[in-house]
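# whatever this is, show me its structure:
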Amino acid sequence: MNTVLYWLARTFIAGVQLLPLKLVARLGRAGGAIAFHLDARHRRVTLNNLTMCFAAEKSAAEIRAIAQENFRRLGENYLCAIKTAAMTFEELKPHLEFVGNECLPKKTGDASPKNVVVAIGHFGNFELYARLQSVLSGYQGATTYRALNQPALNRLMQDLRARSGCLFFERRADGHALRRRMEQRGVVLGLLADQSAKGLRAPFLSHDCNTGLAPAILALRYDAELYTQICYRIALGKWRLEFGEKVPTHENGQPRSSEEIMRDVNRALETAVRRDPANWFWVHRRWKN
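As a prediction, the model looks like this:
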C-alpha cells in the first residue's frame with residue numbers, strides 16, 4: 001500500500017511541477033474553495049477558532065469570509081509549495097521578497113556569524129522559510145520536522161525539501177545531530193512556534209494555549225539571537241518573508257526566563273495574524289485544553 005501511495009503522490013507532484021506557478025496557485029485556490037464546502041470538520045474548527053478570537057470585532061459574515069479565503073489560501077499554499085520546491089532560487093527570485101535580513105549578525109573576517117534562532121509559524125507558503133539561507137551570506141539554514149507515518153511518503157517529502165539546501169532534523173530521532181550542529185556557528189535555525197505544544201500556558205489572541213519553549217531554550221543554550229519571521233502572501237504566487245524585531249533573551253546582563261521570552265514571541269505572531277487573518281493556519285486546534 002505504501003508503494004502505491006508513493007507512486008500516486010510522486011506522479012501528482014511531477015504533474016504539478018510541470019505547470020506555471022500562477023496556474024498552480026489558481027488551481028490551489030479553486031481546490032481550497034471546494035474543500036471549504038466538503039471538509040466539514042476543518043471548516044468547523046476554523047469557524048470556531050475565528051469566532052473565539054474575533055467575535056467582538058467582526059460580524060459572522062466577515063468571519064465566514066475570512067474562513068473561506070483561508071481555505072483558498074491553504075489550497076494555494078500547499079500546491080505552490082510543491083511547485084516552488086522544484087524551482088531554483090533564481091527562478092523563485094521574481095516571486096519572493098525578503099525584508100529585515102540586515103538585522104542579523106554579520107560574518108566578520110573568516111569567522112562564521114553568530115547563530116540565529118527564528119520562531120516561525122504556519123503563515124503563507126511556510127515551506128519557503130527553507131530558502132532564507134539563499135540571501136544570508138555565511139549562514140546554513142536548518143529546521144526540525146516530524147516524520148510522516150508512511151515511510152515512503154516521508155521519503156518523498158524529504159526529497160522535495162532537500163533541494164532547498166536547508167538541513168532537516170527529525171524532532172524525535174535527530175536531537176543529538178541538531179545539538180552538534182548548533183555547537184558550531186553560522187546556523188539560522190527555524191522552529192515552528194505556533195502549534196499546541198507542552199511547555200507553557202500563555203495568551204495568544206487573548207486566549208491561553210499551550211506554547212512550546214524550544215525557540216527560547218535553544219537561543220539561550222547556544223547564545224543565539226532570536227527573531228520571528230512571517231511569510232506573507234502579497235499577490236497570487238508571490239510572498240514576502242519578513243523579519244520582526246529581535247526578541248530579547250537577556251535583561252540587565254542576565255538571561256530572561258524561557259516563559260517570558262515565549263510570551264514575547266506569541267505577541268509577535270498574533271500581530272502577524274491580525275495583520276492578515278486569512279494568512280494563518282486556522283484549521284489547527286491551537287487552543288486545546
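# hey, where'd the strands end up in the protein?
96-99, 116-120, 140-145, 167-170, 187-192, 200-204, 207-211, 225-235, 238-243, 250-251, 254-255 (DSSP state E).
# and the first one, what does it pack against?
So that's strand 96-99. Contacts defined by 3 or more C-beta pairs under 8 Å, 6 or more residues apart in numbering; DSSP states H and E place strand 96-99 against strand 238-243. Any C-beta I mention is one placed from the backbone N, CA and C, and that applies to glycine too.
# looking at the strand it packs on now, give me its mean pLDDT.
Strand 238-243 shows a mean pLDDT of 97.
# and it, which strands flank it?
strand 96-99 (parallel), strand 225-235 (antiparallel) (DSSP bridges).
# can you dump the C-alpha atoms of it in PDB for me?
Provided in PDB are the C-alpha atoms of strand 238-243 (Å, rounded to 0.1, in the frame of the first residue of the first chain):
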ATOM      1  CA  LYS A 238       4.100  36.000  -4.600                       C
ATOM      2  CA  TRP A 239       5.300  36.100  -1.000                       C
ATOM      3  CA  ARG A 240       7.300  38.300   1.400                       C
ATOM      4  CA  LEU A 241       9.400  36.800   4.200                       C
ATOM      5  CA  GLU A 242       9.700  39.400   6.800                       C
ATOM      6  CA  PHE A 243      11.800  39.500  10.000                       C
END
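# which regions of the stretch 1-150 of the chain sit below the pLDDT cut-off?
1-2 (pLDDT under 70).
# picking that back up, among the strands paired with strand 238-243, which comes closest to residue 18?
Nearest to residue 18 among the strands paired with strand 238-243 is strand 96-99; the distance by C-beta to C-beta comes to 21.2 Å.
# before we move on, the earlier item: of the strands paired with strand 238-243, which is nearest residue 52?
Judging these by C-beta to C-beta, what sits closest to residue 52 is strand 225-235, at 21.7 Å.
# alright, calling it a day.
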